[in-house]
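A.B. asks: next one to model:
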Amino acid sequence: MLLIKGANGAGKTSLIDILAGKSAANEGQVLWNGKSIKNHPDFSRDMMLIGHSSNINENVTAGENIAAWAKQYDTETLINAALHYYDLGHYKDTKAAHLSAGMQRRLALSRLIVAPCKLWLLDEPTNFLDEEALLLTVSLIETRVKQGGIVIAATHIMNSAVDAHTLDLGDFTPNPTP
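C.D. replies: Model prediction:
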């Protein structure tokens, strides 16, 4: 696990986007299994990105969102587990657009349960979460790491009980010129 920390504007989201292949690096390249992630056949299957935008379909229900994600990974048997884990059962038939920001974030994070990706790239995964959901998310991340998964999370506040490396982008901020 790698926790990327830094002040607003330090480049946490930019780094996550580069690691996900959404943005190009100024120098170097990102490799997955020794090969560039550009057009890498396994990378898009092995990587799950949950960014600032929750990337949920607001026009369908919470249950339909989870079912669509599960269908992509042939994990339909995990739909109820995802609904239960983030306490979304009561909202299964509610359009995602009608959920609060916190419940939308729970819905977005429930994708991690049905998508068995090796690499999770998470940009501020705890945004909008109450204390209960924050603890659930940290527990889910720690479990994934213990199972051998790789988690890279840009965060202001999250800490972990599992061994994690921390990259503080403040250490790389150039000094302002006088």
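A.B. asks: contacts for stretch 44-59, please.
C.D. replies: Residues outside stretch 44-59 that contact it (C-beta atoms under 8 Å, 6 or more residues apart in numbering) are 13, 16-17, 20, 22, 32, 64-65, 68, 95-97, 104-105, 107-109, 111-112, 115, 117-125, 127. C-beta: built from backbone N, CA, C; applies to glycine.
A.B. asks: hmm, which of those residues are the buried ones?
C.D. replies: Neighbour-count burial (16 or more other C-beta atoms under 10 Å) applied to the contacts of stretch 44-59 gives 13, 16-17, 20, 32, 65, 96, 104-105, 107-109, 111-112, 115, 117-125, 127.
A.B. asks: out of those residues, which sit inside helices?
C.D. replies: Counting by DSSP state H, the buried ones among the contacts of stretch 44-59 place Thr13, Ile16, Asp17, Ala20, Asn65, Gln104, Arg105, Leu107, Ala108, Leu109, Arg111, Leu112 in helices.
A.B. asks: now do the residue lying closest to the second one once chain neighbours are set aside, the pLDDT please.
C.D. replies: The spatial neighbour of Ile16 that comes closest, neighbours along the chain excluded (C-beta to C-beta, 6 or more residues apart in numbering), is Asp123 at 4.7 Å. Reading off the confidence values, Asp123 has pLDDT 95.
A.B. asks: likewise the one 4 residues further on?
C.D. replies: With respect to pLDDT, Asn127 has a value of 90.
A.B. asks: which element is Asp93 on?
C.D. replies: For Asp93, there is no host helix or strand (DSSP states H and E).
A.B. asks: pretty sure it is touching Gly63, no?
C.D. replies: Yes. Using C-beta atoms under 8 Å, Asp93 is in contact with Gly63, at 6.4 Å.
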